[in-house]
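# no sequence for this one, just the structure:
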């Protein structure tokens, strides 16, 4: 088989060049839309892919045209010696962009080392600027630690820093303008995200349609259409002077399935083709069963062809039973 960039194209013509890689399913928070309070059904470490296994699998993906890699969790900074892995992944031929999603509670300790190990960008979850509300949403009183971590990332030279805010009706929708002001003040990019009905936690979250919010902010701040590097699903607006950008990730009100370029690898080696569907492929068994690089290459191409045309969050909101934390953010 000849390997070239054209191989990583699914049956709907979408080029898959972005892998979201979960390095742990553990988290030190219990955000209401991601993981229920009291959840303890974590995978045991022996089921996690090792750094060697991750590096091997990602290197084969990269030979097929993968360009972008985002490390997620759970909370990825809970994975021991993570910067050893980021150094190895950032050095792989073909990988042009290595980013990290984090809740920032541990970031103050790791920001400099992450930057030095080849991580280029940070996405940081922050749903509120009010201490009591952060505790209500995340189950932990951590706002001070999160803000300290965000500023450590800024001081370490990460740019852009994207602030991810899951917008929830009746929970934090009255803080959207405050979050815009916070991001403008510090030079961060804000990304508004619609809650997705994954598991009972996601379905119980109060969905907020972001289209009216987008229109209101566009009119208030005179925002114009913009583009932003990163390869993700957000649709961006920017200020006329280009100093502020805001992205909207709208899987419910305005889905982006026709341009989806990503798949997700969970910490146990399961590749999920869609956040909102059940199609998946087990790579851990292959990696630990003596499969050759050629066999893994063929398995990747087979898996990519399982990618569905679209999710069915609206049509079948009860369909997905796994939690967001078990899939990888």
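Arrived safely, thanks for sending. All values reported here derive from a predicted model rather than from experimental measurement. Residues are numbered from 1 along each chain as shown.

# residues touching the residue lying closest to residue 32 once chain neighbours are set aside, list them.
Counting by C-beta to C-beta, 6 or more residues apart in numbering, residue 32 lies nearest to residue 137, which is 5.7 Å off, once chain neighbours are set aside. Bear in mind the C-beta positions are built from the backbone N, C-alpha and C, glycine included. Counting by C-beta atoms under 8 Å, 6 or more residues apart in numbering, residue 137 makes contact with 31, 32, 127, 128, 168, 171, 172.

# By neighbour count, which of these wins?
Neighbour counts for these, by other C-beta atoms under 10 Å, peak at residue 127, which reaches 26 neighbours.

# That one and residue 163 touch, don't they?
No: applying C-beta atoms under 8 Å as the test, residue 127 and residue 163 come out as separate, 9.6 Å apart.

# Which residues are in contact with each of these two?
In contact with both residue 127 and residue 163: no residue, using C-beta under 8 Å, 6+ apart.

# Might one say that residue 140 is in contact with residue 31?
No: counting by C-beta under 8 Å, residue 140 sits too far from residue 31 to count as a contact (9.3 Å).

# helix or strand for the residue nearest to residue 32, which one?
Assigned by DSSP states H and E, residue 137 belongs to helix 131-138.

# helices or strands next to the helix or strand just after that helix in the packing?
For helix 131-138, the following helix or strand on the C-terminal side (DSSP H and E) is helix 143-155. With contacts taken as 3 or more C-beta pairs under 8 Å, 6 or more residues apart in numbering; DSSP states H and E, helix 143-155 sits against helix 107-116, strand 121-125, helix 131-138, strand 161-167.

# what's next to helix 143-155, contact-wise?
102-108, 111-112, 122, 124, 126, 128-131, 134-135, 161, 163, 186-188.

# buried residues in that helix?
Under the neighbour-count criterion of 16 or more other C-beta atoms under 10 Å, helix 143-155 has 143, 145, 146, 147, 149, 150, 151, 152, 153, 154 buried.

# and if you look at stretch 280-287?
Quick answer for stretch 280-287 (16+ other C-beta under 10 Å): 280, 281, 283, 284, 286, 287.

# contacting residues for the fifth one?
By that I understand residue 286. Counting by C-beta under 8 Å, 6+ apart, residue 286 has contacts 295, 296, 299.

# swap in residue 279?
Applying C-beta under 8 Å, 6+ apart to residue 279 gives the contacts 272, 273, 306, 307, 308.

# so residue 83 sits in a helix?
Yes: membership of residue 83 in a helix is supported by DSSP: H, G, I helix; E, B strand; the rest coil.

# Skip the chain neighbours and tell me the closest residue to it.
Distances taken as C-beta to C-beta, 6+ apart place residue 117 nearest to residue 83, at 4.2 Å, with adjacent residues excluded.

# tell me, how many neighbours does that neighbour end up with?
Quick note: residue 117 (other C-beta under 10 Å) scores 19 neighbours.

# That one against residue 90, yeah?
Yes: Residue 117 lies in contact with residue 90 (C-beta under 8 Å); the separation is 6.6 Å.
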